[in-house]
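Peer 1: this is a predicted model, with the sequence first.
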Amino acid sequence: MAAIHDFDRNQMLALTPVIYLKDGLLDAQGRLRPEMKGLCATAGAIQLEASETSPQELRATLEALKQVLPHYEVPPSTRLQDAAADALEVVRDMYHIQNNPGIVKWLLACIPAVRTEPDVDAFLQHFEAVVRIYGVIVAMTRLGPCP
């Protein structure tokens, strides 16, 4: 896969989970594909920034997902789908908001790539990378342009 600097903003917006997860989250050795923490996580973060996602809501969604996942004893794909729905509900109720559509869209687009237990862990690593990169994007945006 190409390097991050080879993509402009429009290309990053077009690099959706449906595209970047078509080969799954893991490589042939069963490890998280490196681009899931780099290029693909950056693409996800840029897509979330375009939907004006609150960094707090994004972080809370990840944390809620981590908390509810262990309570499901069903196949991994169903487990992530059910846990994601619960996590979104927890965040919605916690902040008394409607979930950001960008978070919902991104999360639902990722679910089909999760088929095995190692995929669940890989997805959480990817989600954490998206949250970290999104935090940097938001911080840089708040700083404004260089003098």
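Peer 2: Done, it's in.

Peer 1: only C-alpha atoms for contact and neighbour calcs from this point on.
Peer 2: Noted.

Peer 1: relative to Cys40, how far out is Pro76?
Peer 2: Separation of Pro76 from Cys40 (CA to CA, to the nearest Å) stands at 22 Å.

Peer 1: ok, those two, which is more surrounded?
Peer 2: Between Pro76 and Cys40, Cys40 has the larger neighbour count (other CA atoms under 10 Å), namely 25 against 19.

Peer 1: pLDDT at that one, what is it?
Peer 2: pLDDT, Cys40: 97.

Peer 1: mind listing what the most centrally placed residue in the chain touches?
Peer 2: The centroid of the chain falls nearest to Phe127 when counting by CA atoms, centre = their mean (3.9 Å). Counting by CA atoms under 8 Å, 6 or more residues apart in numbering, Phe127 touches 41, 62.

Peer 1: and the pLDDT for it?
Peer 2: 98.

Peer 1: from here on, call the first residue 25.
Peer 2: Shifting the count to begin at 25 puts that one at Phe151.

Peer 1: against Ile135, how distant is it?
Peer 2: For Phe151 relative to Ile135 (CA to CA), the value is 12 Å.

Peer 1: for this structure, just list every one of the helices.
Peer 2: 33-38, 41-44, 63-74, 79-92, 100-119, 125-134, 141-167 (DSSP state H).

Peer 1: and of those, who's closest to Arg55?
Peer 2: Between Arg55 and the helices of the chain, the shortest gap by CA to CA is with helix 141-167, which sits at 7.9 Å.

Peer 1: list the buried ones in that closest one?
Peer 2: 143-144, 146-147, 149-159, 161-162 (16 or more other CA atoms under 10 Å).

Peer 1: go ahead and confirm Ala65 touches Gln149.
Peer 2: No: applying CA atoms under 8 Å as the test, Ala65 and Gln149 come out as separate, 9.8 Å apart.

Peer 1: count of residues packed around Val114?
Peer 2: Every residue meeting other CA under 10 Å relative to Val114 is counted, giving 18.

Peer 1: once you drop chain neighbours, what's closest to it?
Peer 2: Ala88 (6.8 Å; CA to CA, 6 or more residues apart in numbering).
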